[in-house]
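Asks: Fold the following.
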Amino acid sequence: MPNQTQAEKMRSAGGFIAALDQSGGSTPKALKLYGVDESAYGSEAEMFDLIHAMRARIAQAPAFTGDKVIGAILFEMTMDRQMGGKPTAQFLWEERGVVPFLKVDKGLEDEADGVRLMKPMPDLDALLERARAAGIFGTKMRSVIDAASASGIAANVAQQFEVGRQILGHGLIPIIEPEVTITIADKAAAEDILLAELTKALDALPEGTQVMLKLTLPETANHYKSLVDHRAVMRVVALSGGYSREEANDRLARNTGVIASFSRALTEGLSADQSDADFNATISATIDSIYQASIAG
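Replies: Residues are numbered from 1 along each chain as shown. Below you'll find the model as predicted:
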């Protein structure tokens, strides 16, 4: 069973989820935006040391507490490391009041039928056991929708819920993330198909079972309101998806009951060479703006 104190926080607390889960593929870009060029590291190990230092700096900033940041999504290597002298998940919950999640997907397959499905996860059961032992509350897994393909979106959602049931079996709460690419011409049509497929999949879950959803901010405000209110949904969170923080916050504020789970929009404006005072002031202002957008609906 999930931690019930954490579950209640996820259901009802004001605030948002910080996405600190950049993987091997996205880490160089995240570091570059943070002011750390690829010339600063000579190996993957050094790269991951640098991104962990960035994440630890964010998580240990005075403003990064459960008052406004109710959850944080971690990369596997982040879960396996420490912050503030404690294992990361333990530090987040015990010292900050932030509920820890773990990114579990292994990246994306090549595009087919308008979608990019998740790659196989043969070691998922072992990872979920480690996550439970580490104090992780839930998981996140991302797949992508690149076109309003009815059959592709149906396959995408079916895969997400198949893996989601496996995660639920370990007593963890899955965040199901079928991301709609923000630049596609038929984004609104894709969102209509996605809403229908998600509703069918949620209706089929047993009574008392809950998942979370992480969705691209929609073209029509409150497009996903029926999912926010669904019996099988603990929380709907939104990804920034490439929108600037200003636009992501503006779109988010128009969607009642949806809260943020931003990655790039969270770290926008942060730099490795900032003084601690400047860094902490920047992340504090960012957290406040995302928090306000998350509770605006």
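Asks: Make sure I17 is indeed in a helix.
Replies: No. Under DSSP: H, G, I helix; E, B strand; the rest coil, I17 falls outside any helix and is assigned strand.
Asks: I figured it hits L74, correct?
Replies: No. Using Cβ atoms under 8 Å, I17 is not in contact with L74, being 11.1 Å away. For every residue, glycine as well, the C-beta is placed using N, CA and C.
Asks: what is in contact with the two at once?
Replies: Residues touching both I17 and L74 (Cβ atoms under 8 Å, 6 or more residues apart in numbering) are F101.
Asks: For stretch 161-179, what does the pLDDT average out to?
Replies: Stretch 161-179 shows a mean pLDDT of 98.
Asks: buried stuff in it?
Replies: 161, 163-164, 166-168, 170, 172-179 (16 or more other Cβ atoms under 10 Å).
Asks: Stretch 130-143 too?
Replies: In stretch 130-143, counting by 16+ other Cβ under 10 Å, buried: A131, A134, G135, I136, F137, G138, T139, K140, M141, R142, S143.
Asks: for stretch 267-276, which positions count as buried?
Replies: Judged by neighbour count (16+ other Cβ under 10 Å), stretch 267-276 contains these buried residues: T267, E268, L270, Q274.
Asks: Ends of that stretch, what's the gap?
Replies: 15 Å (Cα to Cα, to the nearest Å).
Asks: Equivalent analysis for stretch 98-111, please.
Replies: Using Cα to Cα, the two ends of stretch 98-111 sit 35 Å apart.
Asks: returning to that earlier point: I'd like the buried residues of stretch 130-143 as CSV, with pLDDT appended.
Replies: As requested, these are exported to CSV (pLDDT from 0 to 100):
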residue, pLDDT
A131, 98
A134, 97
G135, 97
I136, 98
F137, 98
G138, 98
T139, 98
K140, 98
M141, 97
R142, 97
S143, 98
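Asks: what's the closest of those to T209?
Replies: Using Cβ to Cβ, G138 comes nearest to T209 of these, at 13.2 Å.
Asks: Now that closest one: phi and psi?
Replies: phi -150, psi -180 (degrees, to the nearest 10).
Asks: Same question for V144.
Replies: phi -130, psi 140.
Asks: which element is the closest residue to V163 other than its chain neighbours on?
Replies: In this structure, V163 finds its nearest non-sequential neighbour in M141, 6.1 Å apart by Cβ to Cβ, 6 or more residues apart in numbering. Assigned by DSSP states H and E, M141 belongs to strand 138-145.
Asks: Likewise for F161?
Replies: Using DSSP H and E, F161 falls in helix 150-168.
Asks: Work out the sheet partners of the helix or strand just after that helix and label each with its direction, please.
Replies: Using DSSP H and E, the helix or strand that directly follows helix 150-168 along the chain is strand 173-180. Strand pairing for strand 173-180, determined by DSSP bridges: strand 138-145 (parallel), strand 211-216 (parallel).
Asks: in this structure, which spans are strands?
Replies: 16-20, 69-74, 82-83, 86-87, 99-103, 115-116, 138-145, 173-180, 211-216, 233-239, 258-260 (DSSP state E).
Asks: Save those strands as TSV, and put in distance to S284 too.
Replies: Putting these into TSV (distance: least, Cβ to Cβ, whole Å) gives the following:
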stretch	distance to S284
strand 16-20	13
strand 69-74	11
strand 82-83	18
strand 86-87	23
strand 99-103	20
strand 115-116	36
strand 138-145	25
strand 173-180	26
strand 211-216	24
strand 233-239	21
strand 258-260	16
